[in-house]
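Dropping a prediction and its sequence here:
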Amino acid sequence: MTTVESGTERILARKEGAVGWLTFNNPERRNAVSVDMWEAIPRVLGAYQADPEIRAVVLTGAGDKAFVSGADISQFDKQRSSQEAVQHYEEIAEGAQRAILTCDKPVIARIRGFCIGGGLNIANCCDLRIASDDSRFAIPAAKMGLGYRGSSMKMLVDAVGPAFAREIMLTARQFTAAEAKDMGLLHKVTTVDGLDAAVREYCDMIAANAPLTMRASKRIIREVSRATYDEAMCKALVKECMESEDYKEGRKAFMEKRKPAFKGR
């Protein structure tokens, strides 16, 4: 095993044989992603992409409670309280997700526990998603008054289709691993004890395949899946949410551990 420098102790990176591992290491906050963690993702994946010995990459969460429980909401008052701060944060987060999505090596999400909000965005950027049957999935943006960026919405719709995307976004409820599998969010669901074996099986299959073919396949799939949408309109809608009284109320209610009282303005 060889460790790889990530630049933050909250992202652990190591190389084991033909597999590069990236672990979200913020277990006291259920692996919620902070700015330094977002910034570390492209750094680690860049190192893995440059290493010809690495054939597959696995993303996972530290401990047994969560893959990633979303963005670190404790940072919202500082990182997402103004439009300028929101734009800066979104650029960092979107850059990290783009690094996962465009990595030439196959990327597997090993999911146990909560996979919520930004965590589900991260998982959707991966090529394969394998989860234990005790995992839970949600995008609770509507419970916070958050706007949800167009690129993330497109990945969700690509994975589950418009009908299930509406259910996920409009109810903001949690879904079981079985429900997520039925929607198309997951490729495989295992028992807790069988999770690591399933991930190893996929890694072994991938490591035996031709790297150039896999790289070409990933790029071509992305290319043929392209669809145009009104990005400016999507950004304007997100901006409207992030500047609303409801968003301020959502943040405040979360920190005060109470239900928000949204007013639609």
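Arrived safely. Numbers count the residues shown, from 1 in each chain.

so where do the helices sit in the stretch 1-150 of the chain?
Taking DSSP state H, counting those that start in this stretch as the criterion, the stretch 1-150 of the chain carries its helices at 35-50, 76-79, 83-101, 118-125, 141-144, 150-171.

The ones you listed into TSV, with extra columns for distance to Trp21, mean pLDDT and mean neighbour count?
The C-beta positions use only the backbone N, C-alpha and C, and glycine is treated the same way. Formatted as TSV, the helices of the stretch 1-150 of the chain follow (distance: least, Cβ to Cβ, whole Å; pLDDT from 0 to 100; neighbours: other Cβ atoms under 10 Å):
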stretch	distance to Trp21	mean pLDDT	mean neighbour count
helix 35-50	9	96	20
helix 76-79	27	64	16
helix 83-101	14	87	17
helix 118-125	15	96	26
helix 141-144	29	90	20
helix 150-171	23	94	17
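
Export those helices to TSV and append columns for distance to Ala208.
Below are those laid out as TSV (distance: least, Cβ to Cβ, whole Å):
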stretch	distance to Ala208
helix 35-50	18
helix 76-79	42
helix 83-101	23
helix 118-125	24
helix 141-144	40
helix 150-171	26
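
Quick check: which of the ones you listed is nearest to Ala178?
Closest approach to Ala178 among these (Cβ to Cβ): helix 150-171, 13.7 Å.

just the CA coordinates of the closest one, formatted as PDB?
Taking Å, rounded to 0.1, in the frame of the first residue of the first chain, the C-alpha atoms of helix 150-171 are listed here in PDB:
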ATOM      1  CA  GLY A 150     -28.300  22.300 -13.600                       C
ATOM      2  CA  SER A 151     -25.300  20.000 -14.100                       C
ATOM      3  CA  SER A 152     -26.100  18.000 -11.000                       C
ATOM      4  CA  MET A 153     -29.800  17.800 -11.900                       C
ATOM      5  CA  LYS A 154     -28.800  16.500 -15.400                       C
ATOM      6  CA  MET A 155     -26.700  13.700 -13.800                       C
ATOM      7  CA  LEU A 156     -29.700  12.800 -11.600                       C
ATOM      8  CA  VAL A 157     -32.100  12.700 -14.500                       C
ATOM      9  CA  ASP A 158     -29.600  10.700 -16.600                       C
ATOM     10  CA  ALA A 159     -29.400   8.100 -13.800                       C
ATOM     11  CA  VAL A 160     -33.100   7.800 -12.800                       C
ATOM     12  CA  GLY A 161     -35.200   9.600 -15.500                       C
ATOM     13  CA  PRO A 162     -37.400  12.600 -15.000                       C
ATOM     14  CA  ALA A 163     -40.200  10.800 -13.100                       C
ATOM     15  CA  PHE A 164     -38.000   9.500 -10.300                       C
ATOM     16  CA  ALA A 165     -36.000  12.800 -10.300                       C
ATOM     17  CA  ARG A 166     -39.200  14.600  -9.500                       C
ATOM     18  CA  GLU A 167     -40.000  12.300  -6.600                       C
ATOM     19  CA  ILE A 168     -36.400  12.700  -5.200                       C
ATOM     20  CA  MET A 169     -36.400  16.500  -5.500                       C
ATOM     21  CA  LEU A 170     -40.100  17.300  -4.600                       C
ATOM     22  CA  THR A 171     -40.400  14.900  -1.600                       C
END
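
list the helices and strands that helix packs on?
Helices and strands touching helix 150-171, by 3 or more Cβ pairs under 8 Å, 6 or more residues apart in numbering; DSSP states H and E, are helix 83-101, helix 118-125, helix 141-144, helix 177-183, helix 231-242.

ok, residues contacting the longest one?
Identification of contacts with helix 83-101 by Cβ atoms under 8 Å, 6 or more residues apart in numbering yields 33, 35, 38-39, 41-42, 45-46, 59, 71, 78-80, 107, 118, 121-122, 125-126, 149, 151-152, 155, 222, 239, 242-243.

repeat that for 7 Å
With Cβ atoms under 7 Å, 6 or more residues apart in numbering as the test, helix 83-101 has contacts from 35, 38-39, 41-42, 45, 79-80, 107, 118, 121-122, 125-126, 149, 151, 239, 242-243.
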